[in-house]
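Novice: take this sequence and fold it.
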Amino acid sequence: MTERFSQGFLDRIIAATDVGSVIGRFTALKRRGNKLVGLCPFHKEKTPSFTVDPDRGLYYCFGCHAGGSIFNFLMEKEGLTFYQSVELLARESGIELPKLKSGGKSKDDTYEAADYGARFFQKALKADIGGEARDYLKSRGISGKTWEVFGLGWAPADRNHLVTSVEKARKETESFLEIGLLAKSDRGKLYAKINDALVFPISTSSGRIVGFAHRRIREDPNYTGPKYINSADNDIYHKSSILYGLAQARAAIRREKKTVLVEGYFDVIALADKGIDNAVATCGTALTSEQANLLARFAPTVIVIFDGDEAGLRATLRSLEILLEAGLNVSIVRLPEGEDPDSFVLAEGSSALTDIIEIAPDWFDWLYDFGWGESEGSGVTAAVSVVDRIAIPLGSISDSMKRNLYVRELSKRLSIDEKSVLDHLRRSYQKQRSRFSESSDIPTHEELPARAKLELSLVAAVLHSNSGDNGENPLTLYPGLWEKAVGGYTPAEILSEIADERARGYLSATICEGKSENIKFHCEMLRYKLSRMNIQEKIESIQNRLREIGNGENKEEEATLLGELNSLVRKLNDLGKTTIK
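Specialist: Okay, here's the model as predicted:
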């Protein structure tokens, strides 16, 4: 559920935003009448099918059917939440955000709790109580300047420290509970959830703190838990869509036109300390498509440097499909067994790692060599094994030209004709994933049912009419959208509520088509069609039931159904008389 912004406020944001310029960061747009057109940034195409309505802040692609508001666009391309997309545009436009309440609790309060917690931990690290933690960071080769840049902190061993600080500052504790900084005992007593640990604030790409990770710095033979513990997902933190260190690395990533992807928090910090400041890491999870899409926004190339153990190898292989699917150029660095980027750069120096990064092989070359090395057979058996290894990542590339060039190169290396290689790749992909795409770069979308189209068309008509229609809710598939449409929600807010891409795209396209000349009549006709469809479905259901009953086996039920059927037929006839005049 998105926060409820007023229609006037979102209209102000859209009016103050150069929508074409924002979307133009991702694809070149040309004006065509009062619309902007260009190549779709969501799929590969040669003929422009992507349309932007800058006045309404909407977009729609007639090729892949992606559509929505400017806020949806930023949510898709930047990995932001609805709130964050509004916040970003408001900040760029110099408009102050109103303080919103959702479910009795303000999300702004949660952000403030996160900021407060980060400042508390940072002060503790600099104070006498953080002396041991500072010594630990020094032993890991991390300078004071670097841990300040990343906002590292120390959570005191005493679980009452943060509680006392929060209460003394007269802060509401609900948001601290929400973000996982505080917790309650069975008896209802507040205590700090993080204690006696080094703290790593986690922020969005824009630098707003949304969560925390922490780790103990003393060896404890009795402790068997994970090395790092992360905040649970909450209103403002979704670990699958955030990359650690991106706020600090974004400028360097754009400068270098490539990102170094590592596994750990300390890997990012250690590399930055040694001058490799374009590194980011996942937040304690396997790489997700959301994170890969976020990487693609900042630079076209990713250098994967995961740990040199077996787990790191598996993570590297898993990441390939996701990164290539996001359209990224991927190179691989494999460190010696037992090394990770942190330990390697500490032992060998930054220049050694920089040299390796500069000559990092393309994923295809690395995987080809790796496949031969891992193959237990030789000759034909090994060649087949190599092709099988390459099938999954190769099938993830949406750019048909790039994919075909790799197939040609594979054919050349194996001295096998392209058609044979391609046929085996497809069979292998189908066997491993059961979803090999023949050649289309455009995602396929199941057609929306007729009822869905009618209901969404009515929602669009009501939004165009601005009439605040107070009639009975005629929607059965999207009843919640009706309440919002007649309740003054903006198109941008409603589109941001729709999770189904097909429905969101259809509604966006319908809104972009513009207002009917006789909007009142248009709304009445759509209502008529929906009402007629409802009655016809009921008639069909009764007729099916009558056929199931047979010839007079249940006369009482049959009589009741016949009565209902006659009533519905009359209602259908009356509907036509009263609606179409």
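
Novice: so residue 31 belongs to a strand, correct?
Specialist: Yes: with the criterion set as DSSP: H, G, I helix; E, B strand; the rest coil, the secondary structure at residue 31 is a strand.

Novice: for it, give the beta-bridge partners.
Specialist: Counting by DSSP bridges, residue 31 is bridged to residue 36.

Novice: report how many residues lie close to it.
Specialist: Look at residue 31: counted by other Cβ atoms under 10 Å, it has 11 neighbours. From N, CA and C alone the C-beta is placed, and that goes for glycine too.

Novice: do you know how far it is from residue 20?
Specialist: Separation of residue 31 from residue 20 (Cβ to Cβ, to the nearest Å): 8 Å.

Novice: do the same with residue 493
Specialist: Applying Cβ to Cβ to residue 493 and residue 20 gives a distance of 21 Å.

Novice: equivalent analysis for residue 454, please.
Specialist: From residue 454 across to residue 20, the span is 32 Å (Cβ to Cβ).

Novice: neighbour count: those two, which is higher?
Specialist: Each of residue 454 and residue 20 has its neighbours counted (other Cβ under 10 Å); residue 454 has more, 20 against 17.

Novice: and the more buried one, what does it touch?
Specialist: The contact partners of residue 454, by Cβ atoms under 8 Å, 6 or more residues apart in numbering, come to 526, 529-530, 533.

Novice: and if we set it to 10 Å?
Specialist: The neighbours of residue 454, taking Cβ atoms under 10 Å, 6 or more residues apart in numbering as the test, are 448, 474-475, 477, 526-527, 529-530, 532-533.

Novice: how about it, secondary structure?
Specialist: helix.

Novice: quick one: pLDDT of it?
Specialist: Looking at residue 454, its pLDDT reads 85.

Novice: I'd like the numbering to begin with 36 instead of 1 from here.
Specialist: Right, with 36 as the first residue, what we last looked at is residue 489.

Novice: roughly how far apart are it and residue 43?
Specialist: 30 Å.

Novice: what does residue 528 give?
Specialist: As for residue 528, its distance to residue 43 is 12 Å (criterion: Cβ to Cβ).

Novice: quick one, phi psi at the residue nearest to residue 488 when sequence neighbours are not counted?
Specialist: Nearest residue to residue 488, sequence neighbours excluded (Cβ to Cβ, 6 or more residues apart in numbering): residue 541, at 6.4 Å. Torsion angles at residue 541 (phi, psi; degrees, to the nearest 10) stand at phi -70, psi -40.

Novice: packing partners of the one helix or strand residue 151 maps to?
Specialist: Here residue 151, judged by DSSP states H and E, is contained in helix 142-161. Helix 142-161 is packed against helix 117-128, helix 166-174, helix 179-184, strand 188-190, helix 196-203, helix 209-213, strand 232-238, strand 244-250, with contacts defined by 3 or more Cβ pairs under 10 Å, 6 or more residues apart in numbering; DSSP states H and E.

Novice: I'd like the ones you listed written out as JSON lines, with distance to residue 498 and mean neighbour count added.
Specialist: Formatted as JSON lines, those follow (distance: least, Cβ to Cβ, whole Å; neighbours: other Cβ atoms under 10 Å):
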{"stretch": "helix 117-128", "distance to residue 498": "18", "mean neighbour count": "20"}
{"stretch": "helix 166-174", "distance to residue 498": "55", "mean neighbour count": "15"}
{"stretch": "helix 179-184", "distance to residue 498": "46", "mean neighbour count": "15"}
{"stretch": "strand 188-190", "distance to residue 498": "47", "mean neighbour count": "27"}
{"stretch": "helix 196-203", "distance to residue 498": "44", "mean neighbour count": "16"}
{"stretch": "helix 209-213", "distance to residue 498": "33", "mean neighbour count": "20"}
{"stretch": "strand 232-238", "distance to residue 498": "36", "mean neighbour count": "24"}
{"stretch": "strand 244-250", "distance to residue 498": "32", "mean neighbour count": "22"}
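
Novice: quick one: residue 242 is in a strand?
Specialist: No: using three-state DSSP, the secondary structure at residue 242 is coil, not a strand.

Novice: so it sits right up against residue 286, yeah?
Specialist: No: in this structure residue 242 lies outside contact range of residue 286 using Cβ atoms under 10 Å: 11.4 Å.

Novice: on that earlier part again, send the alpha carbons of the helix holding residue 151 over as PDB?
Specialist: Written as PDB, here are the backbone C-alpha positions of helix 142-161 (Å, rounded to 0.1, in the frame of the first residue of the first chain):
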ATOM      1  CA  LYS A 142       7.200   6.400   7.400                       C
ATOM      2  CA  ASP A 143       9.200   9.600   8.000                       C
ATOM      3  CA  ASP A 144       9.400   8.600  11.600                       C
ATOM      4  CA  THR A 145      11.000   5.300  10.600                       C
ATOM      5  CA  TYR A 146      13.600   7.200   8.500                       C
ATOM      6  CA  GLU A 147      14.200   9.500  11.400                       C
ATOM      7  CA  ALA A 148      14.700   6.500  13.700                       C
ATOM      8  CA  ALA A 149      17.200   5.000  11.300                       C
ATOM      9  CA  ASP A 150      19.100   8.300  11.200                       C
ATOM     10  CA  TYR A 151      19.000   8.600  14.900                       C
ATOM     11  CA  GLY A 152      20.300   5.100  15.400                       C
ATOM     12  CA  ALA A 153      23.100   5.600  12.900                       C
ATOM     13  CA  ARG A 154      24.200   8.800  14.700                       C
ATOM     14  CA  PHE A 155      24.100   7.100  18.100                       C
ATOM     15  CA  PHE A 156      26.300   4.200  16.900                       C
ATOM     16  CA  GLN A 157      28.800   6.600  15.200                       C
ATOM     17  CA  LYS A 158      29.100   8.700  18.400                       C
ATOM     18  CA  ALA A 159      29.700   5.500  20.400                       C
ATOM     19  CA  LEU A 160      32.500   4.400  18.000                       C
ATOM     20  CA  LYS A 161      34.300   7.700  18.400                       C
END
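
Novice: now it: average pLDDT?
Specialist: Across helix 142-161, the average pLDDT comes to 92.

Novice: in that helix, which residues are buried?
Specialist: 142-146, 148-149, 151-153, 155-157, 159-161 (16 or more other Cβ atoms under 10 Å).
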